[in-house]
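[1] structure of the sequence below:
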Amino acid sequence: MKDLNDIFRAFEKLKVLVIGDLMLDAYYYGKVERISPEAPVPVVSVYRKEMRLGGAANVALNIKALGATPLLTGIIGDDIGANMFTNLVNEAGISMAGIVSEKNRRTTSKSRIIGNNHQVLRVDSEDLFDISGKSLKAVKKSVSKALTDTDVIIVEDYDKGLMSKSLIRFIIEEANKADVPIVVDPKQVHFFEYKGVTLFKPNRKEIKEGLKTDADLKNLDNVEVAMGEIREKLDCKIVMTTLSEDGVMIGDAIENIHLPAYHRKIVDVSGAGDTVVSIAALCLALNLSKKQIAELSNLAGGLVCEKLGVVPINKDQLLNEALSLTSWH
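    Now for the predicted structure:
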């Protein structure tokens, strides 16, 4: 499939199972006009507060923004944050069917204090212990049910307690039975647990931590070597690495392709990885080429970096920019 309009229309027919750590993002916007007399820190006079969906829920927002249907699965707590999260999910038109509420657990939240258009401080509230056996059983049941009508799976692992060796093995085994491709956005703890997935998407920092390497990953030759080592250890088909200002590299056993970043006015990189993995998964579900996957993902990641805070991609803006690319084929 080469026509971009056809590709974007095809997105609308896809169903995506998004499994991962769910978060609530709070933004406090204010002005900084003085330093506190109590400590040498700025005083932010807040004039606006915003609540947004974060983590795997932001991935689901990106999937929905692209016209596809997200099937969201994860854990929230039994607290005020859970109520706020539920309201936002309902407002977004995303199903709560796969979301499990666990007692004695805080809903993961990140509060960002923005003073004079710059992030001054971030305050996290979360519990990082593993989910309970009862919650694990409920999540597995949700995954099995969703897999009967899913085109691709995204695993969004933030090391917040949802993902475990048991759940990872279950997801991969069930996906293989159903012949559904899996895309993984990893973190350090379970980096090498995702054996046999289809596409693995770490960034530079995650590669460094996962491989425990001292190699200079600003050097693209070293990135290629690291990606080859990851593919071999995970026995996965494709590794795609986001390289910030250096763009993206994607590779399989045959070749590696590097695409430089597009020139952008970077405002905030928060959530860019969520957008990249969302685009990559939809493209993978449509059996697009590695270059097409990387090109659209790279473009989308840059676009959301022009916005302040964690925001989903704008489908029309992405399509229009992609249509302007002479390299698309």
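
[2] how near is the residue lying closest to Glu156 once chain neighbours are set aside to Leu199?
    Among residues not flanking Glu156 along the chain, Gly20 sits closest, at 2.9 Å (CB to CB, 6 or more residues apart in numbering). C-beta here means a position set from N, CA and C on the backbone, and glycine is covered the same way. Taking CB to CB, to the nearest Å as the measure, Gly20 falls 15 Å from Leu199.

[3] any idea how many residues pack against the residue nearest to Glu156?
    27 (other CB atoms under 10 Å).

[4] that one against Ala56, yeah?
    Yes: in this structure, Gly20 is within contact of Ala56 by CB atoms under 8 Å, at 3.0 Å.

[5] find residues that contact each of those two.
    Residues within reach of Gly20 and of Ala56 at once, by CB atoms under 8 Å, 6 or more residues apart in numbering, are Gly74, Ile154, Glu156, Tyr158.

[6] which of those fall in strands?
    Judged by DSSP state E, the shared contacts of Gly20 and Ala56 include Gly74, Ile154, Glu156 as members of strands.

[7] contacting residues for the first one?
    For Gly74, the contacting residues are Ile19, Gly20, Asp21, Leu22, Gly55, Ala56, Ala57, Gly98, Ile99, Val100, Val139, Leu162, taking CB under 8 Å, 6+ apart as the criterion.

[8] nearest residue to Ser142 in space, ignoring adjacent ones along the chain?
    Computed as CB to CB, 6+ apart, the closest residue to Ser142 that is not its neighbour in sequence is Gly98, at 4.1 Å.

[9] please report how far Met96 lies from Ala82.
    For Met96, the distance to Ala82 equals 11 Å [CB to CB].

[10] more neighbours: these two, which one.
    Higher neighbour count among Met96 and Ala82: Ala82, with 21 against 13, using other CB under 10 Å.

[11] direction included, what does the host helix or strand of Glu33 pair against?
    Element membership for Glu33 (DSSP states H and E) is strand 22-35. Partner strands and pairing direction for strand 22-35 (DSSP bridges) are strand 42-55 (antiparallel), strand 109-115 (parallel).

[12] for those strands, which one sits closest to Val277?
    strand 42-55 (11.7 Å; CB to CB).

[13] mean confidence score for that closest one?
    On average, the pLDDT along strand 42-55 is 95.

[14] before we move on, the earlier item: what's the closest of the ones in strands among the shared contacts of Gly20 and Ala56 to Phe8?
    For these, with Phe8 as the reference and CB to CB as the criterion, the closest is Ile154, at 18.5 Å.

[15] okay, now the closest one: neighbour count?
    If you count neighbours by other CB under 10 Å, Ile154 ends up with 30.

[16] tell me the bridge partners for it.
    Bridge pairing for Ile154 - DSSP bridges - gives Val18, Val183.

[17] quick one: it and Lys15 touch, right?
    No: under the criterion of CB under 8 Å, Ile154 is not in contact with Lys15, lying 11.6 Å apart.

[18] and the spatially most central residue of the chain, what does it touch?
    For the chain, Asp274 is the residue whose C-alpha lies nearest the centre (CA atoms, centre = their mean; 2.6 Å). Listed by CB under 8 Å, 6+ apart, the contact set of Asp274 reads Gly55, Asn58, Val59, Asn62, Glu156, Asp185, Val310.

[19] got it, and Glu33?
    Val43, Ser45.

[20] circling back to that earlier point, and after the host helix or strand of the residue nearest to the centre of the chain, which helix or strand comes next?
    Taking DSSP H and E as the definition, Asp274 sits inside helix 272-285. Later in the chain than helix 272-285, the nearest helix or strand by DSSP H and E is helix 290-304.

[21] so that following helix versus helix 272-285, what angle?
    If you take axes from the mean of the first three to the mean of the last three CA atoms, to 10 degrees, helix 290-304 sits at 150 degrees to helix 272-285.

[22] next one: helix 290-304 to chain centre, how far?
    In this view, helix 290-304 has its centroid 14 Å away from the chain centroid, taken as CA atoms, centre = their mean, to the nearest Å.

[23] pull out the buried positions in the very next helix or strand once past that helix.
    Using DSSP H and E, the helix or strand that directly follows helix 290-304 along the chain is helix 315-323. For helix 315-323, the neighbour count (16 or more other CB atoms under 10 Å) marks Lys315, Leu318, Leu319, Glu321, Ala322 as buried.

[24] pLDDT wise, what is the residue nearest to the last one when sequence neighbours are not counted at?
    Excluding its sequence neighbours, the residue lying closest to Ala322 (CB to CB, 6+ apart) is Leu4, at 5.4 Å. The per-residue pLDDT reported for Leu4 equals 91.

[25] same question, the one 4 residues further on
    In this model, Phe8 is scored at 93, pLDDT.

[26] now do the same contact list for Ile94.
    Ala57, Ala60, Leu61, Lys64, Pro70, Leu72.

[27] from Pro70, how far out is Gly77?
    Distance, Gly77 to Pro70, using CB to CB: 21 Å.

[28] low-confidence ranges, the stretch 1-150 of the chain, go.
    1 (pLDDT under 70).
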